[in-house]
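> just the structure for this:
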Amino acid sequence: MSYYNSIWKLTQRERMRIAAGLLTLRRQLEGKQGIPAKTTERNLLLATWNIREFGGGKYERCPDCYYFIAEIIDHFDLVAVQEVREDLGALKQVMKILGSWWHYIVTDVTLGAAGNNERLAFLYDSRKVRFDGLSGEIVLPPRKKAPVRQMARTPFVCGFRAGWTRFEICTVHIYYGSSKAEDPVRVAEIRSLAELLSKRAEKKPANKAEKARQIQPPNVILLGDFNIFDSKNDKTMKALKDNGFRVPEEISGAHTNKLRDKNYDQIAFYEVAKRFEVKQKEVFDYYQSVFSNKHQKEYNELAGGKKKFDTWRTFQMSDHLVLWTELQIDFSENYLAVLLRSGKPGKRQHARGASPGRHQA
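Model prediction:
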């Protein structure tokens with residue numbers, strides 16, 4: 001983190017609070033149960049985080065949360081963020097703390113009551129991750145020439161490269177609706193989107209000329225807030241898996257809401273080629289370090305009293321925890337092994353997960 005110096009502009013009380021919080025948070029992030037080091041070129045640290053009403057909400061955010069949010073994001077390479085509001089002030093404040101090598105791509109707000117004036121965003125460390133040029137909001141195609149109901153909050157897809165890995169990543173904030181496990185609109189949104197993305201990934205060239213120009217389609221990562229209540233038995237999770245998406249077992253059962261009783265957030269993979277090796281996957285519970293119950297007295301005045309503290313802190317950080325995974329992105333040894341097996345000079349073979357350059361996936 002390079003811009004701690006801005007803390008000096010705050011009051012002494014705020015400086016003391018933030019410095020203590022950052023030290024505790026860093027120890028958790030870098031401890032045995034924390035996030036792996038991101039310095040290596042062999043791994044990609046990917047996270048998804050619904051930051052509650054990020055950019056305008058029920059409560060004004062205090063300075064502390066911007067430093068804590070930035071500190072958490074800085075321990076990853078690429079982070080999908082949901083619930084970014086129309087006012088980008090909060091996002092830009094976090095970006096200033098992160099440093100100039102951090103970039104972001106954000107959608108426009110989704111209009112209408114269901115869209116809730118929300119945006120979706122990707123934040124990425126440009127020292128590790130490169131934007132690949134693809135960026136777009138997904139519109140569901142008509143069925144049998146009849147228009148279909150679009151998703152309440154338009155999904156956002158971008159193309160990125162990291163190491164030997166090229167991928168498309170789509171982030172979502174799926175319709176919540178009624179407070180029950182299998183709201184039919186929620187299930188339909190996930191099914192329609194998963195079906196569309198899987199068909200795109202498996203699309204075959206239409207003719208020889210197109211085939212000659214074809215670059216191997218990238219793998220697809222679908223992640224975000226799915227509002228899944230029970231990932232073991234829920235129809236919403238079945239809709240993902242039925243369309244070929246793989247959710248590592250450790251992630252699918254993770255409780256990602258603050259109360260730790262729902263599987264709202266997910267990271268799913270559609271592998272066109274074997275280019276993803278999931279090494280680690282966890283939920284990061286920052287409330288163990290900051291805005292915890294033991295900090296209630298420090299924030300009592302800002303929160304408006306002890307009884308309001310628990311709700312207030314979810315509007316400072318979030319009511320969602322951070323879901324993350326570590327992916328292997330270096331397949332150089334695989335590729336060299338293929339070269340050794342290729343036989344005659346000029347004979348070219350490609351192993352799954354071992355192709356560089358334009359054949360990256």
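> could you use CA atoms for every contact and neighbour count after this?
Will do.
> what about residue 15, helix or strand, and which?
Counting by DSSP states H and E, the secondary-structure element that holds residue 15 is helix 12-30.
> format the CA atom coordinates belonging to the helix or strand just after that helix as CSV.
Using DSSP H and E, the helix or strand that directly follows helix 12-30 along the chain is strand 43-54. The C-alpha coordinates for strand 43-54 follow below in CSV (Å, rounded to 0.1, in the frame of the first residue of the first chain):
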residue,chain,number,x,y,z
ASN,A,43,-0.5,-17.5,-9.2
LEU,A,44,-3.6,-15.3,-9.7
LEU,A,45,-5.4,-14.1,-6.6
LEU,A,46,-9.0,-13.6,-7.5
ALA,A,47,-11.8,-12.3,-5.3
THR,A,48,-15.5,-11.2,-5.4
TRP,A,49,-17.0,-8.8,-2.9
ASN,A,50,-20.4,-7.2,-2.6
ILE,A,51,-19.6,-3.9,-0.8
ARG,A,52,-22.9,-2.8,0.6
GLU,A,53,-24.2,0.4,-1.1
PHE,A,54,-20.8,1.5,-2.1
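> contacts for strand 43-54, please.
Where contact means Cα atoms under 8 Å, 6 or more residues apart in numbering, the residues beyond strand 43-54 that reach it are 38, 76-85, 90-91, 162, 223-225, 265, 267, 314-330.
> that strand pairs with which strands?
Here the strand partners of strand 43-54, with direction, are listed using DSSP bridges: strand 78-85 (parallel), strand 322-328 (antiparallel).
> now do the contacts for residue 137.
The neighbours of residue 137, taking Cα under 8 Å, 6+ apart as the test, are 107, 154, 155, 156, 157.
> state the distance from the nearest residue to residue 289 once chain neighbours are set aside to residue 66.
Closest residue in space to residue 289, ignoring its immediate chain neighbours: residue 25 at 5.2 Å, by Cα to Cα, 6 or more residues apart in numbering. Using Cα to Cα, to the nearest Å, one obtains 13 Å as the distance from residue 25 to residue 66.
> just residue 233 next, same as before
Distance of residue 233 to residue 66, given as Cα to Cα: 37 Å.
> repeat that for residue 300.
Distance of residue 300 to residue 66, computed by Cα to Cα: 19 Å.
> what do you get for residue 284?
Between residue 284 and residue 66 the distance, using Cα to Cα, works out to 17 Å.
> what stretches of the stretch 201-350 of the chain score poorly on pLDDT?
When residues are selected by pLDDT under 70, those of the stretch 201-350 of the chain lie in 205-216, 250, 252, 273-276, 343-350.
> which parts of it are strands?
Secondary structure of the stretch 201-350 of the chain, counting by DSSP state E, counting those that start in this stretch: strands at 219-225, 265-270, 277-284, 322-328.
> make JSON lines from the ones you listed and add mean neighbour count and distance to residue 194 to it.
JSON lines is the format used below for the strands of the stretch 201-350 of the chain (neighbours: other Cα atoms under 10 Å; distance: least, Cα to Cα, whole Å):
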{"stretch": "strand 219-225", "mean neighbour count": "24", "distance to residue 194": "8"}
{"stretch": "strand 265-270", "mean neighbour count": "25", "distance to residue 194": "9"}
{"stretch": "strand 277-284", "mean neighbour count": "17", "distance to residue 194": "20"}
{"stretch": "strand 322-328", "mean neighbour count": "22", "distance to residue 194": "20"}
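> TSV please, covering the contacts of residue 137 and showing secondary structure.
Converted to TSV, the contacts of residue 137 look like this (DSSP: H, G, I helix; E, B strand; the rest coil):
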residue	secondary structure
107	coil
154	coil
155	coil
156	strand
157	strand
